[in-house]
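Undergrad: A predicted structure for the sequence below; I have some questions about it.
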Amino acid sequence: MNRFFLLTLSLLFSLSMMGQLPFQKTDVKDVMKKVADWQIAHQKDVKHGALDWTNAALYMGMLDWAELAETEMGDSSYYDWLVKLGRRYGWQPDKRMYHADDIAVGQVFIDLYNKYKDKNMLYPTQARAEWVVNHPSDGPMDLDYKKRETLERWTWCDALYMAPPVYVKLYMLTGDKRFIKFMNKEYKATYDLLFDKDERLFYRDSRYLTQKEANGSKVFWGRGNGWVLGGLAEMLQDFPTNDKNRKFYENLFITLSARVAELQSTDGFWHASMLDPASYPSPETSATGFIVYALAYGVNEGLLDRDTYLPIVEKGWKALVSAVETDGKLGYVQPIGADPKKVTRDMTEVYGVGAFLLAGNQVYKMSR
């Protein structure tokens with residue numbers, strides 16, 4: 001009888017663990033807090049502008065962490081930190097009117113508006129987006145940093161993380177179809193130019209269409225593809241399942257997820273180069289963070305097969321945690337760039353921390 005009882009308990013426990021990662025929620029939460037607190041304590045050392053895309057990516061991760069901290073620990077200090085920052089800059093996006101990077105921070109301000117219903121948080125981003133929609137750029141799609149007009153559209157794959165979620169959020173918030181029509185048109189122009197349908201990966205921009213890695217493979221940047229996949233996860237969280245626009249992005253998310261899953265290195269990381277990791281053997285936590293975030297989101301939402309992707313997420317999260325120092329500093333973050341570069345453990349950047357917190361939030365949801 002006792003043996004039967006123990007077997008039953010064991011079976012019930014096994015069933016309860018199906019679909020969950022073997023991490024304790026407390027451990028995930030603790031390492032997220034450590035990383036978030038380290039970054040806040042060192043934010044004064046960050047050289048980027050407060051409204052810059054680099055910090056916008058940090059704030060996106062910090063926003064997810066703020067929600068978790070408030071819900072699970074009753075700690076609203078992280079929300080307070082974000083609100084204080086927004087107020088300091090009048091809830092304005094960054095300076096350049098058309099540049100995708102400069103509206104990225106609007107994602108955070110819109111989400112804060114959805115929580116607090118303070119229209120001051122919303123109006124500047126909405127006004128910027130409305131102006132762009134009403135005066136769309138006809139700039140060329142071939143990126144050339146010497147020509148400002150080539151940065152007015154989404155001519156580099158990172159832009160698909162920075163701008164499209166803003167237009168999706170505004171569309172869902174206002175019902176104004178101009179936002180979604182503009183977003184679809186511009187997104188698909190970038191997709192048509194930069195998505196390689198044979199490799200199922202995104203080039204960073206048009207300059208890389210004909211370049212080759214040392215091993216002869218095409219140049220596909222790890223973080224660049226992480227940006228795209230992370231941006232899709234952000235967009236899909238706002239699209240209703242019955243929205244006609246959703247299917248294209250959902251299919252792209254599934255296709256890109258399947259491809260990057262094939263390219264995870266044995267150490268659990270994705271490296272700076274997707275197809276030539278041997279030339280860039282160091283771990284790279286910003287690419288890994290965005291990819292783990294997206295894959296975990298896909299599993300949690302039923303978009304990706306749980307049995308297939310859980311082991312990949314588990315290995316990726318363990319790799320990310322291994323890059324966290326005892327004081328909470330996240331290392332192995334490739335500096336700002338547009339292609340694969342060498343990375344060392346002492347390198348950190350705010351967008352890498354943002355990616356880590358986004359990933360942690362989704363991993364927390366699937367942990368014990």
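TA: That came through, no problem. Residues are numbered from 1 along each chain as shown.
Undergrad: rest of the way, CA atoms for contacts and neighbours
TA: Noted.
Undergrad: Any stretches of the chain with poor pLDDT?
TA: For the chain, applying pLDDT under 70 flags the ranges 1-19.
Undergrad: Check which residues of the lengthiest helix in it are buried.
TA: Ranked by number of residues, the top helix in the chain under DSSP state H is helix 53-73. Neighbour-count burial for helix 53-73, counted by 16 or more other CA atoms under 10 Å, picks out 53-69.
Undergrad: Please look at Glu152 and His99 and confirm they touch.
TA: Yes. In this structure, Glu152 is within contact of His99 by CA atoms under 8 Å, at 5.3 Å.
Undergrad: all helices for the stretch 201-350 of the chain, in order.
TA: For the stretch 201-350 of the chain, the helices defined by DSSP state H, counting those that start in this stretch occupy 222-236, 246-262, 285-300, 306-322, 350-365.
Undergrad: Mean neighbour count, those: which tops it?
TA: helix 285-300 (a mean of 29; mean count of other CA atoms under 10 Å).
Undergrad: what angle do it and helix 306-322 make?
TA: Here helix 285-300 runs at an angle of 150 degrees relative to helix 306-322 (axes from the mean of the first three to the mean of the last three CA atoms, to 10 degrees).
Undergrad: how much distance is there from helix 285-300 to the middle of the chain?
TA: Here helix 285-300 shows a centroid-to-chain-centroid distance of 7 Å under the convention CA atoms, centre = their mean, to the nearest Å.
Undergrad: Determine the set of other helices and strands touching it.
TA: helix 222-236, helix 246-262, helix 306-322, helix 350-365 (3 or more CA pairs under 8 Å, 6 or more residues apart in numbering; DSSP states H and E).
Undergrad: which other residues reach the second one?
TA: This points to helix 246-262. Helix 246-262 has contacts (CA atoms under 8 Å, 6 or more residues apart in numbering) with 199-201, 229, 232-233, 236, 239-240, 291, 294-295, 303-304, 309, 312.
Undergrad: Swap in 10 Å and give it another go.
TA: With contact meaning CA atoms under 10 Å, 6 or more residues apart in numbering, helix 246-262 is reached by 184, 187-188, 191, 195, 197, 199-202, 222, 225-226, 228-233, 235-236, 238-241, 270, 274, 291-292, 294-295, 298, 303-305, 308-309, 312-313.
Undergrad: how far out from the middle of the chain is that helix?
TA: Distance, centroid of helix 246-262 to centroid of chain: 14 Å (CA atoms, centre = their mean).
Undergrad: repeat for the first one
TA: Between the centre of helix 222-236 and the centre of its chain there are 5 Å (CA atoms, centre = their mean).
Undergrad: Repeat that for stretch 31-47.
TA: 18 Å.
Undergrad: repeat for stretch 212-223
TA: Between the centre of stretch 212-223 and the centre of its chain there are 22 Å (CA atoms, centre = their mean).
Undergrad: Likewise for stretch 239-247?
TA: 20 Å.
Undergrad: Alpha carbons of that stretch, in CSV - could you do that?
TA: Only the C-alpha atoms of stretch 239-247 are listed here, as CSV (Å, rounded to 0.1, in the frame of the first residue of the first chain):
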residue,chain,number,x,y,z
PHE,A,239,-1.8,41.3,-31.8
PRO,A,240,-5.1,39.5,-31.1
THR,A,241,-5.2,36.0,-32.4
ASN,A,242,-8.0,36.8,-34.8
ASP,A,243,-6.4,39.8,-36.4
LYS,A,244,-5.8,39.3,-40.1
ASN,A,245,-2.4,40.9,-39.9
ARG,A,246,-1.1,38.5,-37.4
LYS,A,247,-0.6,35.4,-39.6
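Undergrad: Any buried residues in it, and which?
TA: Neighbour-count burial for stretch 239-247, counted by 16+ other CA under 10 Å, picks out Phe239.
Undergrad: Then stretch 273-286?
TA: So for stretch 273-286, counting by 16+ other CA under 10 Å, buried means 273-277, 279-286.
Undergrad: tell me the centre residue of the protein?
TA: With distances taken as CA atoms, centre = their mean, Gly230 lies nearest the centre of the chain, 3.4 Å away.
Undergrad: Report the contact partners of it.
TA: For Gly230, the contacting residues are 158, 160-162, 223-224, 236, 253, 287, 289-295, 297, 355, 358-359, by CA under 10 Å, 6+ apart.
Undergrad: And it, how close does it get to Lys365?
TA: As judged by CA to CA, to the nearest Å, Gly230 and Lys365 stand 17 Å apart.
Undergrad: Kindly report the same for Leu304.
TA: Shown here: Leu304 relative to Lys365, a distance of 15 Å by CA to CA.
Undergrad: same thing with Leu209?
TA: Relative to Lys365, Leu209 is positioned 38 Å away (CA to CA).
Undergrad: that older thread, can you redo the helices and strands packed on helix 285-300 as TSV with distance to Gln24?
TA: Shown next, in TSV, are the helices and strands packed on helix 285-300 (distance: least, CA to CA, whole Å):
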stretch	distance to Gln24
helix 222-236	24
helix 246-262	24
helix 306-322	12
helix 350-365	8
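Undergrad: between those, which one is nearest to His48?
TA: helix 350-365 (9.2 Å; CA to CA).
Undergrad: so what secondary structure elements neighbour that closest one?
TA: Judged by 3 or more CA pairs under 10 Å, 6 or more residues apart in numbering; DSSP states H and E, helix 350-365 is in contact with helix 25-41, helix 53-73, helix 222-236, helix 285-300, helix 306-322.
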